[in-house]
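Undergrad: Return atomic coordinates for the entry below.
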Amino acid sequence: MELNGVPATLEQIEALALTNYGHFTSMHVEGDQVRGLSLHMRRLTRDCLRLFDVELDTDRVRHYVRHALKDQPQPIVVRVTIYDPAFNLGTVGSDADPQVLITTRAAPSKTPSPLKLRTAVYQRDEPAVKHIGLFGPLRLRRSAQREGFDDVLFLNPDGTVSELATSNVGFVRDGRVVWPRSEYLTGITMTLLNQELDEPVVTEPLTPADLTGMEAAFATNAAVGVRPIASVDDATWPDDHKVLQELRDLYAGIPPETL
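TA: Predicted structure coming up:
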């Protein structure tokens, strides 16, 4: 855990626990290569302006990521968190001096199993921002896992599908990818896949009743790429649909960028 290129102290990370105001992005790194690196930097820049009214120096961010990766085994998942350690509950309205916290964890060593999901009505605060306020999603994920599911699929108040706690969700119908039409955080993996797909992107308002007509379902995020979904409530799908493998191959073939 490094803050601006040096080991972070307890006092410096205290604001993350006690004030919890900031934003982040997570990247899968292998050999100093990242798929969608420029999109990750664009996300950090956009969210920093929105939350802190400050222009982020992404060259500095990349330097800190490279520094944190020295002598670390790869592949690895790197999280870049932008926050102001000086903020507290009473000073969050002050002019900000956002800092760069780099944390790492081992990348998944094997293909994760298909997800079993339960639906729940929930809409994140500021859905378009990848912010660190995860209490609501994690509370619902915990509840789902306590009942034998892997994660939760969010429904908007009108009953339409939006996203998972930390992933986008997509479906396959008639051999084509269908994304929910909703307000949610558009992930980097989702964006990269849409850029590579030969056919126009299809988005539709989807309800749980619509899911039984789908041929397959999947989740996307930077840590695992494309992960099959086995079920949502009572709707079930095979995890070996040919489109899922095509999406995994498509994602694997996207040229990475150098840190």
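Undergrad: Run through who's touching stretch 45-65.
TA: Residues outside stretch 45-65 that contact it (C-beta atoms under 8 Å, 6 or more residues apart in numbering) are 2, 4-5, 21-23, 27, 29, 41, 44, 78, 80, 82, 84, 96-98, 100, 102, 126, 129-131, 259. C-betas here are computed from N, CA, C, even on glycine.
Undergrad: What count of nearby residues applies to the residue nearest to T189 when sequence neighbours are not counted?
TA: In this structure, T189 finds its nearest non-sequential neighbour in T220, 4.1 Å apart by C-beta to C-beta, 6 or more residues apart in numbering. Other residues within reach of T220, judged by other C-beta atoms under 10 Å, total 23.
Undergrad: and T220, what does it touch?
TA: Taking C-beta under 8 Å, 6+ apart as the criterion, T220 is in contact with 167-170, 187, 189-190, 193, 226-227.
Undergrad: what about 7 Å?
TA: Residues near T220 by C-beta atoms under 7 Å, 6 or more residues apart in numbering: 167-168, 170, 187, 189-190, 193, 226.
Undergrad: Would you write a PyMOL line that selects the buried entries of the contacts of stretch 45-65?
TA: PyMOL command restricting the contacts of stretch 45-65 to the buried ones, with burial defined by 16 or more other C-beta atoms under 10 Å:
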select buried, resi 2+21+22+23+27+29+41+44+78+80+82+84+96+98+100+102+129+130+131+259
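Undergrad: May I see the buried residues of the helix or strand bottoming out on mean pLDDT in the chain?
TA: Lowest on mean pLDDT, DSSP states H and E among the helices and strands of the chain sits helix 10-18, with a mean of 91. For helix 10-18, the neighbour count (16+ other C-beta under 10 Å) marks 12-13, 15-16 as buried.
Undergrad: next one: stretch 173-182
TA: Those would be 173, 177-180, 182, for stretch 173-182 by 16+ other C-beta under 10 Å.
Undergrad: if you go through the stretch 51-200 of the chain in chain order, where are the strands?
TA: Assigned by DSSP state E, counting those that start in this stretch, the strands in the stretch 51-200 of the chain fall at 76-83, 99-106, 115-121, 151-155, 161-164, 168-173, 176-180.
Undergrad: any idea how far the most far-flung residue of the chain relative to its centre is from V54?
TA: Most distant residue from the mean C-alpha position of the chain: G90, 29.6 Å away (C-alpha atoms, centre = their mean). To V54, G90 is 20 Å away according to C-beta to C-beta, to the nearest Å.
Undergrad: mind giving me the domain split of the protein?
TA: Split into domains by automatic domain parsing, the chain comes to 2-106, 115-254.
Undergrad: Pairing partners for T25 in the sheet, please.
TA: Beta bridges link T25 to V80 when assigned by DSSP bridges.
Undergrad: so it touches L39, yeah?
TA: No. Look at T25 against L39 with C-beta atoms under 7 Å: they stay out of range, at 8.9 Å.
Undergrad: got the contact list for stretch 199-213?
TA: For stretch 199-213, contacts defined as C-beta under 7 Å, 6+ apart pick out 119, 159-161, 173, 176-181, 194, 232-233, 235.
Undergrad: what about 8 Å?
TA: For stretch 199-213, contacts defined as C-beta under 8 Å, 6+ apart pick out 119, 155, 159-161, 171, 173, 176-182, 194, 217, 232-233, 235.
Undergrad: and M214, how many neighbours does it have?
TA: For M214, the number of neighbouring residues by other C-beta under 10 Å comes to 19.
Undergrad: no wait, G170
TA: Neighbour tally, G170, other C-beta under 10 Å: 25.
Undergrad: do the same with V54
TA: 15.
Undergrad: any idea how far it lies from E14?
TA: To E14, V54 is 21 Å away according to C-beta to C-beta.
Undergrad: which residues does H241 contact?
TA: Contacts of H241 (C-beta under 8 Å, 6+ apart): 172, 215-216, 228.
Undergrad: Pull the most distant pair out of those.
TA: Maximum pairwise distance among these (C-beta to C-beta): 11.9 Å, between E215 and P228.
Undergrad: Neighbour count for these two, which is higher?
TA: Neighbour count, other C-beta under 10 Å: between E215 and P228, P228 has more, with 22 against 17.
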